[in-house]
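Peer 1: Got a sequence here, can you model it:
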Amino acid sequence: MKHIVYFVFLILMLFQSCTPKEQIKGKTWEGRLYRQSDNKELSEVKLKMSNDSLYLFSNAVFGADNDTLVLAQANEQDSVYTYRSIKGDEYTIVLRYSVNNSVENLYITDIERDFYLVLGISPVDIWTSGSLDFYKNRKTPRETYKYLDGVYEGEFESDDFFESLALLESGGMTLKLVFMNDSQLKMCLISVITGFLSGKKEPCDIVNYRIEGDNIIIHKAYGKIMDKGKHI
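Peer 2: Reported below is the predicted structural model:
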């Protein structure tokens, strides 16, 4: 009888010591990364976890230099883990693992950043050829508010006195940005004179862009750097 009780006790202890991480590691997970504030989908995601590393491939928040993370601190009881990238960026995440009708699910939230991941088991290992075809391997903003969409419009301003005077005399100019995706936007310069001469209400052009710090870097015909807080 004592042996049976001892065996049951060991089973219970083993069950209680089984953390979500033990169920997660060694498997390839796939899903989506979302912004918490509005549940906007920001990127497809694939990840794989080992004892001391997290390989996470996403075209938002993580990106190049942050796809290989090393475990810096672990709170197994609360399933809270801090990972650090080679650049020194830290991500403190909470893991939630569940099984429903033999379907495994993984839910990850970041304590400091405004995002979460919803994942399931991938049928293809993360290191299999073609598994990461979606991944662009480029630097991405860490802050989720920098993933812009919709339409931004404001008055075009110049730091040059004579340019400002010319703009004023011409009736002013409005800058309109329509964000199409995470790398392209429609840029429209609207003024009374250009509208009259071109015959178009909104002369626009499609340009490429990227976010660096608090700046929108616009390529192609314009090649300007504009601070989001001042001009949009």
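Peer 1: helix/strand/coil for L117?
Peer 2: Taking DSSP: H, G, I helix; E, B strand; the rest coil as the rule, one finds L117 in the strand state.
Peer 1: Show residues contacting stretch 138-154.
Peer 2: Outside stretch 138-154, the residues that touch it by CB atoms under 8 Å, 6 or more residues apart in numbering are 35-37, 40, 42, 58-66, 89, 113-115, 174-179, 182, 211, 231-232. Just so you know, the C-beta spots here come from the backbone N, C-alpha and C atoms, and that holds for glycine as well.
Peer 1: dump the residue contacts of the residue nearest the centre of the chain.
Peer 2: Nearest to the centroid of the C-alpha atoms of the chain, with distances taken as CA atoms, centre = their mean, sits A60, at 2.5 Å. Residues in contact with A60, defined by CB under 8 Å, 6+ apart, are 33, 42-43, 115, 140-141, 144, 147, 182.
Peer 1: what about the strands in this structure?
Peer 2: Listed from the start of the chain, the chain has strands (DSSP state E) covering 28-35, 41-49, 53-58, 68-75, 80-84, 90-100, 103-110, 115-121, 150-155, 173-179, 184-191, 204-212, 215-218, 225-227.
Peer 1: chain center to the longest one: distance?
Peer 2: The reference is to strand 90-100. Taking CA atoms, centre = their mean, to the nearest Å, the mean C-alpha location of strand 90-100 is offset from the chain mean by 17 Å.
Peer 1: circling back: of the contacts of stretch 138-154, keep whichever come out buried.
Peer 2: Listed as buried from the contacts of stretch 138-154 are 35, 42, 58-63, 66, 113, 115, 175-179, 182, 211; burial here means 16 or more other CB atoms under 10 Å.
Peer 1: still on that earlier bit, Q73: which of the contacts of A60 is nearest?
Peer 2: When those are ranked by distance to Q73 (CB to CB), F115 comes first, at 19.6 Å.
Peer 1: how far away is that closest one from E155?
Peer 2: Computed as CB to CB, to the nearest Å, the F115 to E155 distance reads 33 Å.
Peer 1: do P20 as well
Peer 2: Distance of P20 to E155, given as CB to CB: 52 Å.
Peer 1: next one: N66
Peer 2: Look at N66 and E155: by CB to CB, they are 37 Å apart.
Peer 1: Q36 now?
Peer 2: When distances are taken as CB to CB, Q36 and E155 turn out to be 33 Å apart.
Peer 1: Kindly report the same for I108.
Peer 2: Distance, I108 to E155, by CB to CB: 42 Å.
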